[in-house]
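K.L.:
Got a predicted structure plus its sequence, pasted below:
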Amino acid sequence: GNHEVTLWSRETDVAVDLKNTRENRRFFPGYRLPDNVAVETDFAAAVSAAELLIIATPIAGLRPTVEQLRALDCQAPLLWVCKGFEAGTGKLAHQVVGEVLGRERICGALSGPSFAEEVAAAQPTAVALAANDPAFARATARQLHSTRLRIYANDDLVGVEVGGAVKNVLAIATGVCDGLGLGLNSRAALITRGLAEIARLGVALGGQRETFMGLAGMGDLILTCTGDLSRNRRVGLALAEGKSLEQVLAELGHVAEGVYTARETDRLARSLAVDMPISSAVAAVLDGRISAAQAVEQLMARDPREELA
Ligand SMILES: NC(=O)c1ccc[n+]([C@@H]2O[C@H](COP(=O)([O-])OP(=O)(O)OC[C@H]3O[C@@H](n4cnc5c(N)ncnc54)[C@H](O)[C@@H]3O)[C@@H](O)[C@H]2O)c1
Ligand SMILES: O=P(O)(O)OC[C@H](O)CO
């Protein structure tokens, strides 16, 4: 709200339509683009004078987008809003960006409970901003902060990224749980034990435990597991109806990052010997190895253990 913004889309027809109608008619009909947002169809022209870049593609689009940036030799710091582990490599966004643009490039993640439609509607929202340079994170959080979007600086980039990635997997699990009608006790248990899984993996990857109690951890987990605007939750609800993953994704018509991140989470957990039974069950259901009902049976049949282990 406080800055001149240039918006670029890889889909030229979308950019042209946005420019002409000042509205994203496919995803956000009825929300007018603010006057401070210009729309540009040329990538080089969009980034040439930028002081800050914000990449808002799915995690699959991050690498190709930063490769386009590298070709332009643009040095502006950058943020991303994508949540997930890159499919095939299991890398977090900062690792992808570091590989392509170099580890010294100032960059970070903007993440937390933030359904896009509610942000577009200017409903009060709070997110975390973490970067590889804490001073940049604090200064940029202040710069982007507004009366409708509270931004909290956070020093733990890995923790913020892991929280945003794994909550999508758990939102699929919660959708399945609710779709099967397992009740409110089950849902609360799933979210709580899911948070324990996020924290275990996050700490193993170098994150700080407290981050998972914050906006990018518990905050986004609660939102995505319980809010029906979540695409990931909707995937779980549809799987519980017995639909195939192909059918579910075709009907959704949106990206659901948890579908790809579930496999990477499962692989990472196994390679690091981190216990993540719920996430592994989601990966097994998505891969068609077990049904949603069998996943529930397997999880409930596990031996008792100490809660804080
Ligand atoms: N939608 C939300 O409510 C929301 C909120 C917070 C974070 N996120 C995260 O932000 C990311 C994007 O989500 P979204 O809902 O905007 O997804 P989306 O599918 O709407 O994609 C956003 C844009 O990325 C573009 N894109 C896709 N692949 C690309 C590529 N290879 N190169 C360039 N552009 C590409 C698409 O064309 C689209 O314009 C996801 O990781 C999501 O988890 C989404
Ligand atoms: O619709 P989802 O499930 O991708 O969730 C969107 C955001 O990540 C919520 O913070």
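P.N.:
Arrived safely, thanks for sending. Ligands and ions are numbered 1, 2, ... in the order given.
K.L.:
can you confirm S280 is in a helix?
P.N.:
Yes - assigned with DSSP: H, G, I helix; E, B strand; the rest coil, S280 falls within a helix.
K.L.:
any idea how far it lies from ligand 1?
P.N.:
Per CB to the nearest ligand atom, to the nearest Å, S280 is found 21 Å from ligand 1. Yep, even glycine has a C-beta here, placed from its N, CA and C like the rest.
K.L.:
got a list of what that residue touches?
P.N.:
By CB atoms under 8 Å, 6 or more residues apart in numbering, the contact list for S280 reads D266, A269, R270.
K.L.:
Wait, the first one touches D275, no?
P.N.:
What that stands for is D266. No - at 11.8 Å, D266 and D275 do not qualify as touching, with contact defined as CB atoms under 8 Å.
K.L.:
More neighbours: which of those two?
P.N.:
Neighbours per residue (other CB atoms under 10 Å) separate D266 from D275, with D266 holding more: 21 against 14.
K.L.:
anything in the helix or strand where the more buried one lies near ligand 1?
P.N.:
According to DSSP states H and E, D266 maps onto helix 258-271. No - applying CB under 6 Å from any ligand atom, one finds helix 258-271 separated from ligand 1 by no less than 8.7 Å.
K.L.:
just how off-centre is that helix within its chain?
P.N.:
14 Å (CA atoms, centre = their mean, to the nearest Å).
K.L.:
Close to ligand 1: what parts of this structure are there?
P.N.:
Checking the chain against ligand 1 by CB under 6 Å from any ligand atom, the hits are 9-11, 56-61, 64-65, 81-84, 114-116, 254-255, 257.
K.L.:
of the contacts of S280, closest to ligand 1?
P.N.:
Closest approach between those and ligand 1, by CB to the nearest ligand atom: D266, at 18.5 Å.
K.L.:
From the residues of the chain next to ligand 1, list just the buried residues.
P.N.:
Among the residues of the chain next to ligand 1, those buried by neighbour count (16 or more other CB atoms under 10 Å) are 9, 57-59, 65, 81-84, 114-115, 255, 257.
K.L.:
Which one among those sits at the bottom for pLDDT?
P.N.:
Within those, V255 has the lowest pLDDT, namely 91.
K.L.:
Doesn't that residue belong to a strand?
P.N.:
No - applying three-state DSSP, one finds V255 to be coil, outside a strand.
K.L.:
show me what contacts G108?
P.N.:
So G108 contacts 77, 79-80, 94, 129-133, 136-137, 140, 157 (CB under 8 Å, 6+ apart).
K.L.:
Go again with 6 Å.
P.N.:
L79, A130, A131, A137 (CB atoms under 6 Å, 6 or more residues apart in numbering).
K.L.:
Check L195 too.
P.N.:
M218, L221.
K.L.:
Can you say which helix or strand has it in it?
P.N.:
helix 184-204.
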